[in-house]
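Student: When you get a sec, could you give me coordinates for this:
(3 chains)
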Amino acid sequence: MEHNPYLPQLARIISIKEEVGGARPIKTFHLELLNGHRFDFRCGQCAMISVFGKGESMISISSSPLIKEYLQFSILKMGRVTTALHEMEEGSIVGLRGPYGNGFPLEEWKGKNLIFIGGGIGLAPIWSVLQTALRQRDDFGQLTLFYGARTSQDLVFKDELKKLKETIPVYLSIDVKEPGWNEYVGFVPQNVLDKKPSPEKAIAITCGPPIMIKFVIKGLQELGFQDDQIFTTVENKMKCGIGKCGRCNIGHHYVCKDGPVYSWARLKTLPQEY
Amino acid sequence: MEKVLKKSDLGQWVARLKDFDLYGPVRENNHWEFNQISQLANFPEDYTQVNVPLKKILLPNREVLFQFEDNRNGGPYLQEVLPEEREVVVFGVRPCDARGIVLLEKVFSSEIPDIYFERRRQQVYVVGLSCYPLPGENCFCLSLGGGPFSTKGMDILLTKMQSKYFVEVLTPKGEKLIKAAPEYFFNPTDKDQQERQQLERKARAMFTRQIEGVEKIWPVLSQMFESPLWREESYRCLKCGICTYLCPTCHCFDITDEISSTAPLQGKRVRVWDTCQFPDFTMHSSGHNPRPDKASRLRQRIMHKFLYFVETFGDIMCTGCGRCVSKCPVGIDIIDILNKVASHGA
Amino acid sequence: MVEVEKIREEARRLLQEGQVRGVIGYVRGPQGVWAVPAMIRNPEDVDRLVWNPTCVHNLVLFVVEEKKEQARQKEPDKRPLAVVVKGCDSRAINVLLQEKFIEREEVILLGVSCENSGVVDKKKLLNLVPSQKIEEIVYGNNGHIVAVIDGERRVFPPEEVLADRCLECQANFPVVYDHFFGEKIKKEAINTSPGVDKIEKMRLEERRRFWEEELSRCLRCYACRSVCPMCYCTECVVDPISFAVEPTTTAEEKAKKIKWIEKSPLLSENFVYHLVRAIHLAGRCVDCGECERVCPEDIPIRLLNKKLEREAWRLFNYVAGMDSQAPSLFSTFKETDPEDFIR
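Tutor: Coordinates of the predicted model:
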């Protein structure tokens, strides 16, 4: 049978975890494909999740490709589809197609120090790389994580972060002061400038709100990072995932297939339409 | 293969194509459309160009991709829906529209093939009609490597002559159509050949609209992202979909779910036309819009056709049919814009 | 006769004195004779302004767009806009005033009389003469239209080339203006709406078939909605999403937005689209006819609005856009209003 790129596979939600409550809630979903189908992907790739009757949404996969038992998606409740996902229960069936996009060039980063810089829900795509690097610890140099959110409540993966601190340096931050918060108060880019990670043999991977990314890149450049040492992901509205529907382009690049991962060296040459 | 067909025999030949669904130009109110026909005696003298190009048959404005419904266990059940198997012959396709298919193939048949498009493409037989006189007041195919007698994307090209059609059979599919009634097709005489060549020469001399130096456009465009031209030219834009919906090469689409019942859930996932000219086209659900104004959307339309597509596929995504010019309610004129772009590089 | 030089003079003065931030008018378009809308911001550009029978567009649309644009700007230029308005266009201004979408001091109206004639229907004219040969289109005497073709003047009687709406127009000079150009010549409508007469005479079944045939062609390019100065809602029932999304809009609010209509151009959806639009224009449509002019599929959209215009007159003696002080039709209740439709 010919491959139909628009036909999703069915997947079951095997667990749902509430990460963040409040007005901008985030939940983490673990999905497994029905009928024992495989879903091979690379770090930084995305999948199109269907809630039948509501539509589809492109979400980055936050688990490591080395984990075969489930696919993890951390999803901010934002529109029609994500709201429906948030209302679903464990055991519900959704559609899944993909994976889409280029992914991070992990093979090229062997032996390097990886500096992860995330803001808000932007930790999700980074998490996949981080988890993979932790599982292939010998392949990489030092691992460092900077992560911030508006408030301590808005941080995702709180439990995992606590554990992570025992293995690698983790620099958390929140935007404004809160009682009981002993870590950095201020924006993520400032925290990075404060801690001065070395550009020596390093790769910085940053993901988060556009305004944060902009200042992180500026800060990294100040610290001596070259443009090809900085990687980020771009988010644009998508429908097909295969470079046909004409929606997510920046210049002649379709983010769904040529992105979402870009080195700053590459991204800065493209029109700023994201 | 070249043949001639007596004008009076056209209807006989078409009548022989019983195994096909036939489409041809049909007059509707003030314009022509490709509609299903049962016979075709001739191409009317006043037939110019159809309103909605041939793409409507290859990339219909609504394509059901699959159906979904809750099965008895409560989970969804998906049923793939592919285009029905039926071979279609379209008569009277102008060269610009046929070239449009060639450009659409680059998008839909490359990398990950789109099986809906591919299936329809395989089933469509294109019987073209060359352009003499020119069908539109804003025809400019000549500036874009096309021409009034271009055969790209066609299976057969007919040229209307004094008493006959000159028939250029271009593909095995074209041969199959001729074989349905071989007795009506004769070998052309030298005089037929001359008449056809003469018509083409005359047609090529008729163009009033052109782009000066099309080869200059894409290098110049790559430097024009921030140009004030986009704001100036788009001020009067209505944000409607006419220029793109009537374009033989524009192919942007949306995918949406249509529900016929909520309990139990039943519905269809469909692909529908969409356009970069609609303000919500690129709007994120957060409200952020990378192309927030008419200027950025006009720029996208021009850049996609004359820069991005060239960078990706080495070809310009415009066939010079002139519809977007003729049909724009506020006179936004791609030929005029491109000439302005070209003059920036001069 | 409207002297275009007088319009230019006034526009120049307004711009030079800085009284307005721009003049929305007509200029010669890229395809020669056919005028297009333009925003003139510099006094030295006012000579581009034209006035002739190809000035079909209702420029009030751009007043609406400017108003929306202003709302997005942090420090908008609050000076008024000058805008060239024909009779029907001026009525659109009145509706916007009635609905408090704009204030009167936000616009300086350069009213032009259509002088017992109207604007040209391009399709009608092109059926009579090929476009590329037309060098000039001007007003002649007694509502006639003069086209200069290959250096030769050809005179067309109004009923041959004027837009239907102009043939049916009864007040083809502005009802509200600050400056007036031309003469107020009261003219007799040639027919108030033969199209509606025809449809009203059809039997129900026939009428349904008529509209099915017409509306089945709709591509949902939304040109009719986009061109309409009355279709100014930020949130429209036909859009799958709302443009009124703020950073504070919650996901629930977005998800709750009911999808009234599918994006697919199915007959059922096309009916919903056009009927909803017609109803929302009842008592508001000023019959500028732009929706029908712009339709790439030649759907007689105007008939729907004309029918409701007739109903508004028949039931409530109401004509849209004649008086900026009058309450709008749908915001008014009178005890004498007919209610025999309630059963």
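
Student: near chain C, which residues of the stretch 101-250 of chain B?
Tutor: By the rule CB under 8 Å from any CB of the partner chain, the part of the stretch 101-250 of chain B lying against chain C is B:E137, B:N138, B:T208, B:Y235, B:R236, B:L238, B:K239, B:C240, B:G241, B:I242, B:Y245, B:L246. In this view, the C-beta of every residue, glycine as well, is placed from N, C-alpha and C.

Student: ok, and the closest non-adjacent residue to the most centrally placed residue in chain B?
Tutor: By CA atoms, centre = their mean, chain B has its centre lying nearest to B:P248, at 2.5 Å. Nearest residue to B:P248, sequence neighbours excluded (CB to CB, 6 or more residues apart in numbering or on different chains): B:G100, at 2.9 Å.

Student: For my notes, confirm that neighbour occurs in a helix.
Tutor: Yes: under DSSP: H, G, I helix; E, B strand; the rest coil, B:G100 sits within a helix.

Student: contacting residues for it?
Tutor: Applying CB atoms under 8 Å, 6 or more residues apart in numbering or on different chains to B:G100 gives the contacts B:P53, B:L54, B:K55, B:G153, B:C247, B:P248, B:T249, B:T319, B:C321.

Student: Run through the helices of chain A in chain order.
Tutor: A:80-86, A:123-135, A:158-164, A:188-195, A:210-222, A:255-258, A:264-267 (DSSP state H).

Student: Just put those in CSV and tack on mean neighbour count and distance to C:A312.
Tutor: Formatted as CSV, the helices of chain A follow (neighbours: other CB atoms under 10 Å in any protein chain shown; distance: least, CB to CB, whole Å):
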stretch, mean neighbour count, distance to C:A312
helix A:80-86, 22, 37
helix A:123-135, 23, 55
helix A:158-164, 13, 62
helix A:188-195, 20, 59
helix A:210-222, 18, 49
helix A:255-258, 24, 50
helix A:264-267, 18, 56
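
Student: which stretch among the ones you listed comes nearest B:V14?
Tutor: With CB to CB as the criterion, B:V14 lies closest to helix A:255-258 of those, at 42.8 Å.

Student: Pull the closest one out as PDB, backbone CA atoms only.
Tutor: Taking C-alpha atoms only, helix A:255-258 is exported to PDB below (Å, rounded to 0.1, in the frame of the first residue of the first chain):
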ATOM      1  CA  VAL A 255      10.100  24.800   9.500                       C
ATOM      2  CA  CYS A 256       8.200  21.400   9.500                       C
ATOM      3  CA  LYS A 257      10.900  19.700   7.400                       C
ATOM      4  CA  ASP A 258      13.900  21.900   7.200                       C
END
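
Student: B:A98 and B:V126 touch, don't they?
Tutor: Yes: between B:A98 and B:V126 there is a contact at 5.4 Å, judged by CB atoms under 8 Å.

Student: Need the residues touching each of the two.
Tutor: Here B:A98 and B:V126 have B:L54, B:G153, B:M154 as joint contacts, going by CB under 8 Å, 6+ apart.

Student: re the thing from before, in TSV: the residues of the stretch 101-250 of chain B next to chain C, plus secondary structure and pLDDT.
Tutor: Output for those, formatted as TSV (DSSP: H, G, I helix; E, B strand; the rest coil; pLDDT from 0 to 100):
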residue	secondary structure	pLDDT
B:E137	coil	88
B:N138	coil	93
B:T208	coil	91
B:Y235	coil	97
B:R236	coil	97
B:L238	coil	97
B:K239	coil	95
B:C240	coil	96
B:G241	coil	96
B:I242	helix	97
B:Y245	helix	98
B:L246	coil	97
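
Student: Most widely separated two among those residues?
Tutor: Of all pairs in these, the most separated under CB to CB is B:T208 and B:K239 at 29.4 Å.

Student: Could I get the pLDDT score of the residue nearest to the centre of chain B?
Tutor: pLDDT for B:P248: 98.

Student: quick one: contacts for it?
Tutor: Taking CB under 8 Å, 6+ apart, we find B:P248 in contact with B:P53, B:L54, B:K55, B:C96, B:D97, B:R99, B:G100, B:I101, B:L103, B:T319, B:C321, B:R323.

Student: do A:Y274 as well
Tutor: Applying CB under 8 Å, 6+ apart, the residues near A:Y274 are A:P210, A:V234, A:E235, A:N236, A:I250, A:V255, B:P290.

Student: Over to C:F210?
Tutor: Contacts of C:F210 (CB under 8 Å, 6+ apart): C:I199, C:M202.

Student: more neighbours, B:T208 and B:K239?
Tutor: B:K239 (19 against 11; other CB atoms under 10 Å in any protein chain shown).

Student: Might one say that that one is in contact with B:D280?
Tutor: No: using CB under 8 Å as the test, B:K239 is too far from B:D280 to be in contact (10.0 Å).

Student: Do you know the pLDDT at C:G151?
Tutor: Looking at C:G151, the pLDDT reads 85.
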